[in-house]
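J.: A structural model of the following input is requested.
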Amino acid sequence: MSATTTIRLPPDLRARIHALAKQTGRSAHSFIVEAVERHAGYEEQMRCLVEEAMAADMDIERTGEVYRADDVHAWLARLAEDGNALRLKPWQR
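T.: Numbers count the residues shown, from 1 in each chain. Okay, here's the model as predicted:
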């Protein structure tokens with residue numbers, strides 16, 4: 001069962017949503033629900049990306065291992081060509 005949530009939309013946004021819903025043959029409700037679902041997914045992905053980046057940064061601080069950008073680009077090019085390029089060896093900073 002769905003819960004009801006009330007939101008107050010500015011009149012211009014409400015008009016845009018209703019116009020888009022009408023043009024697409026959908027209800028304003030379904031349009032709003034889809035928009036909220038998409039944005040929630042985006043926010044979840046961003047939080048995950050930030051968490052992964054912070055963990056990687058902590059790992060760099062812990063190990064001191066990093067990769068030169070030129071080496072990474074060359075490795076990606078080799079990987080795109082044959083798919084079996086050997087993994088890069090990190091260097092200590």
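
J.: In contact with Glu61, which residues?
T.: Not one residue lies near Glu61 by CB atoms under 8 Å, 6 or more residues apart in numbering. Just so you know, the C-beta spots here come from the backbone N, C-alpha and C atoms, and that holds for glycine as well.

J.: element containing it, please.
T.: Assigning secondary structure by DSSP states H and E places Glu61 in helix 28-63.

J.: pLDDT of that helix, averaged?
T.: In this model, helix 28-63 has a mean pLDDT of 96.

J.: Can you identify the element that follows that helix toward the C-terminus?
T.: Assigned by DSSP H and E, the successor of helix 28-63 is strand 65-66.

J.: packing partners for that following strand?
T.: Contact analysis of strand 65-66 by 3 or more CB pairs under 8 Å, 6 or more residues apart in numbering; DSSP states H and E lists strand 91-92 as its packing neighbours.

J.: what's the strand it packs on packed up against?
T.: strand 65-66.

J.: How far away from the center of its chain is the strand it packs on?
T.: Averaging C-alpha positions (CA atoms, centre = their mean, to the nearest Å) puts strand 65-66 25 Å from its chain's average.
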